[in-house]
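K.L.:
Sequence and predicted structure below; questions after.
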Amino acid sequence: GIFDYKNNHTAIIGCTIENNNGFVGAGVANYEGETFTIDSCLIRNNDAEYYGGIYSFYSPDSKVVNSTITHNTSLQSGGGIASDLITLENVIACENIPDQILGYWQNNGRVCLSNSCDDENQDGIPDVCQSDSSDGTLNVPLDFPNIQDAIDAASYGDTILVAPGTYSSTDSHVLNTGGKPLTIRATGSPQETILDGNAVMPVVVCTSGEGTTTVIQGFTIQNGLSNYGGGIRCVYSGPVFRDCVIRENIAEYAGGGIYFDNSNSTMTDCVVTLNKELGGGVGGGGIYCRGGSDVTLHSCLITDNEGYIGGGLSINRSSITATDSMFINNIATDDEYPDWSGGGGITGYEADLELNQCEISNNYTSGRGGGIDLAAQSSLTAMNCVISNNVSTDDGGGIHSIDSTMLLTSSTICGNAPDQIYGPWTDGGQNTVEYICPNDSGACCISTWVVCEISDEFDCLRFGGTWMGTGTTCEESACPSQCIGDANGDGNVGIN
């Protein structure tokens, strides 16, 4: 229909663009324009190999307003609109195949995306995009059969209540909040209310400027599959997640559980577990942050995730603040290049990491930094934290740092192997750095030498000793003796 290439200022106003065919962008194709606007237009029945209705890329100021995009088709993706970043306002996109919109977009209000254009009252707005709720509450499945239909129909500020059950989708995601300020809340527990990607799609997608007024609460988010963010993908957005379990999701390149890009999301009381990044990209088995993201974790558990680097969390040119959170039993490894991995629990590259009352324990990497790995002028501030029993094949069992800064205060770093801290760090005071963790030590009776030593259970048994229990002391422990005449185990022949 229209091809706009590198024009400074283009406006298409009051037009009908229909029944065109093309390889890319059959209706309208815009590439590298400075400003590009479609206003009060109808774009329909266009058919392309790629991107049926509108294609707009590398244009810093692109927008579609007061327009309808409908019944366009693409054999690949982006049936209605495809863009790297476009602003929509008062736009209807419906019954485009295979999807309504592909890429990143900003919702400036009154945007309706729907798989159905049915309009019973003939008011020009699809029925699914009109809420019958007078109190601002929409119920799934009572009012709408699935969550996406409820989102499409919701007005700004509405609450969507989701009854217990398992919800999936035939779309390219289970739910996309579409930039709307909504509260989507499960009425049951996360174990009862499940969003399931069926191992074919990402589960939750927030790529349209969502802020803190978009809240997702009380769900299990599972079985997602994507190149980036199998469970949750947040790009140019900052929604709030509360009381969610993100589990058993897979990403090919980054963020098995969650992918944050230019995001300022907050997660509270969430569990991120059993997610995996397949090693084809930049890691983050549990969570991956990039692009200047500033993410907050409060009372979260990140456990049993696996990735190439950053088994639990990978931070790239971004900031993370974690409070009262735990990173436990995560793995960073790579089958082909195992020693290139790092950060069993957390890895940071040009990252700012702030930890307060956190635990990083029992993580493993085949490379460096069993607990935490820092590089490229990253910074770590840790207060009242425990970093313990992490293992790395290379240096830095607890923490590994190159060209980065660390300030540790009132923290315990212990029981890591092969060492506790690799790299310079600043002692803020009241730290404990020990080979054996204070709470893990006890009396070990080594009968070969008829001596008692303070050890941990693993080393005691490794040297053939008898473990007397956590918290025991040599003074109170009667060690067994191979010498029949040593009645009290003090190494001397005697009688009691």
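P.N.:
Now that the structure is in, tell me what you want to look at.
K.L.:
Run through this protein and note the low-pLDDT ranges.
P.N.:
130-134, 280-281, 337-339, 447-450, 458, 462, 480-492, 494-496 (pLDDT under 70).
K.L.:
which one's the longest strand in it?
P.N.:
Of all the segments of type strand in the chain, defined by DSSP state E, the longest one is strand 81-94.
K.L.:
what packs against the following helix or strand past it?
P.N.:
Downstream of strand 81-94, the first helix or strand assigned by DSSP states H and E is strand 101-107. Secondary-structure packing of strand 101-107 (3 or more C-beta pairs under 8 Å, 6 or more residues apart in numbering; DSSP states H and E): strand 81-94. Quick note: C-beta positions are derived from backbone N, CA and C, even for glycine.
K.L.:
Give the pairing partners of the strand it packs on; include direction for each.
P.N.:
Each strand paired with strand 81-94, and its direction, by DSSP bridges: strand 54-57 (parallel), strand 61-70 (parallel), strand 101-107 (parallel), strand 111-114 (parallel).
K.L.:
Tabulate those strands (JSON lines), appending mean neighbour count and distance to Thr466.
P.N.:
As requested, the strands paired with strand 81-94 are arranged in JSON lines below (neighbours: other C-beta atoms under 10 Å; distance: least, C-beta to C-beta, whole Å):
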{"stretch": "strand 54-57", "mean neighbour count": "26", "distance to Thr466": "70"}
{"stretch": "strand 61-70", "mean neighbour count": "22", "distance to Thr466": "73"}
{"stretch": "strand 101-107", "mean neighbour count": "21", "distance to Thr466": "62"}
{"stretch": "strand 111-114", "mean neighbour count": "24", "distance to Thr466": "68"}
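K.L.:
Which one of those lies nearest to Ile399?
P.N.:
Distances from Ile399 to each of these were compared using C-beta to C-beta; the minimum, 35.5 Å, belongs to strand 101-107.
K.L.:
and the closest one, how far out from the chain's middle?
P.N.:
Computed by C-alpha atoms, centre = their mean, to the nearest Å, the separation of strand 101-107 from the middle of its chain amounts to 20 Å.
K.L.:
returning to what we had before: which one of the strands paired with strand 81-94 lies closest to Val391?
P.N.:
Each of the strands paired with strand 81-94 was scored for nearness to Val391 using C-beta to C-beta, and the closest is strand 101-107 (39.5 Å).
K.L.:
sorry, back to before: so which of the strands paired with strand 81-94 is nearest Cys460?
P.N.:
For Cys460, the closest of the strands paired with strand 81-94 is strand 101-107, at 56.2 Å, according to C-beta to C-beta.
K.L.:
what comes into contact with the closest one?
P.N.:
For strand 101-107, the external contacting residues (C-beta atoms under 8 Å, 6 or more residues apart in numbering) are 51, 77-78, 80-89, 93, 113, 178-180, 207-209, 235-236.
K.L.:
I only care about those residues that end up buried; give me the PyMOL line for that.
P.N.:
Applied in PyMOL, the following selects the buried portion of the contacts of strand 101-107 according to 16 or more other C-beta atoms under 10 Å:
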select buried, resi 51+78+80+81+82+83+85+86+87+88+89+93+113+178+179+180+207+208+209+235+236
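K.L.:
What is the burial count for Thr381?
P.N.:
A count of neighbours around Thr381, defined by other C-beta atoms under 10 Å, yields 18.
K.L.:
can you offset everything so residue one is 33?
P.N.:
Sure, I'll start counting at 33 from here, so that last one is Thr413.
K.L.:
where's it, which helix or strand?
P.N.:
Secondary structure from DSSP H and E places Thr413 in strand 411-415.
K.L.:
List every C-alpha atom in the longest strand of the chain, with coordinates, as CSV.
P.N.:
Coordinates of the C-alpha atoms in strand 113-126 are reproduced here as CSV (Å, rounded to 0.1, in the frame of the first residue of the first chain):
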residue,chain,number,x,y,z
ILE,A,113,1.3,-4.2,13.7
ALA,A,114,5.0,-4.9,14.0
SER,A,115,7.4,-2.3,15.5
ASP,A,116,10.5,-1.9,17.6
LEU,A,117,8.7,0.9,19.5
ILE,A,118,5.5,2.6,18.6
THR,A,119,2.9,4.7,20.5
LEU,A,120,-0.8,3.8,20.2
GLU,A,121,-3.8,5.9,21.3
ASN,A,122,-7.5,5.1,20.7
VAL,A,123,-6.6,2.2,18.4
ILE,A,124,-8.6,-1.0,17.7
ALA,A,125,-6.6,-4.0,16.4
CYS,A,126,-8.8,-7.1,16.0
